[in-house]
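**Student:** Please find the sequence and the predicted model below.
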Amino acid sequence: MAAPAASEPPGPDDERVERPSVEELLNRAVKRRICVIIGAAGWGKTTAVATWSRGRPTAWLRHEDHDGEVDGLLASLVGALRPHVPLATPGHDTTAVDPRQAGFSVAALCTWLHSVVSEDLVLVLDDLHWLQPD
């Protein structure tokens, strides 16, 4: 079983690295629905996004949270999102977001999020390149 996903960026606050030009690029990128940050290992992508995302509603999911397993990915994703969305809202069945339930899918997750998220929420999928294409 995968460890619970962290909803906060990695690293303590004292490890913040100020990069005004990178932060400006991220501020512009966040105006889009999806932003992909690509770079070689060790170039500071995770640190830059972690620094930028502090103080913003951010759900953070790392590869280690699910070890590339599809079931673990969905469970960890729901776990990372739950601190940012209400679990019980009138007219919304929260059992529909139980990834252990048969028939749970990304479509069910998107439907749930669309019904309960009313403000911008940054979702970071760190080390996404480790996921298998299938």
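**Tutor:** It's in. The structure presented is a predicted model; accordingly, all values stated were derived computationally and were not measured.
**Student:** shaky segments in the protein?
**Tutor:** With pLDDT under 70 as the threshold, the chain has low-confidence stretches at 1-16, 65-71, 86-104, 129-134.
**Student:** which residues in it form strands?
**Tutor:** Taking DSSP state E as the criterion, the chain contains strands spanning 58-62, 122-126.
**Student:** Comparing those strands, which comes out most buried?
**Tutor:** The highest average neighbour count among the strands of the chain, using mean count of other C-beta atoms under 10 Å, belongs to strand 58-62 at a mean of 21. All C-beta atoms are positioned from the backbone trio N, CA, C, and that covers glycine.
**Student:** Show me the strands paired with that strand, marking each as parallel or antiparallel.
**Tutor:** Next to strand 58-62 in the sheet, as set by DSSP bridges, lie strand 122-126 (parallel).
**Student:** what sits against residue 48?
**Tutor:** Under the criterion of C-beta atoms under 8 Å, 6 or more residues apart in numbering, the neighbours of residue 48 are 17, 19, 22, 23, 26, 37.
**Student:** re the thing from before, need the strands of the chain in JSON lines (columns: distance to residue 78).
**Tutor:** Formatted as JSON lines, those follow (distance: least, C-beta to C-beta, whole Å):
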{"stretch": "strand 58-62", "distance to residue 78": "10"}
{"stretch": "strand 122-126", "distance to residue 78": "12"}
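**Student:** To residue 33, which of the ones you listed lies closest?
**Tutor:** The minimum distance between residue 33 and the strands of the chain falls on strand 122-126, with 10.5 Å, by C-beta to C-beta.
**Student:** what's next to the closest one, contact-wise?
**Tutor:** For strand 122-126, the surrounding residues in contact (C-beta under 8 Å, 6+ apart) are 9-10, 30, 46, 49, 53, 56-63, 80-81.
**Student:** need the helices for this structure, in chain order.
**Tutor:** In chain order, the chain shows helices spanning 20-29, 45-53, 70-81, 106-116, with DSSP state H as the criterion.
**Student:** could those go into TSV alongside distance to residue 124?
**Tutor:** Below are the helices of the chain laid out as TSV (distance: least, C-beta to C-beta, whole Å):
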stretch	distance to residue 124
helix 20-29	11
helix 45-53	6
helix 70-81	9
helix 106-116	15
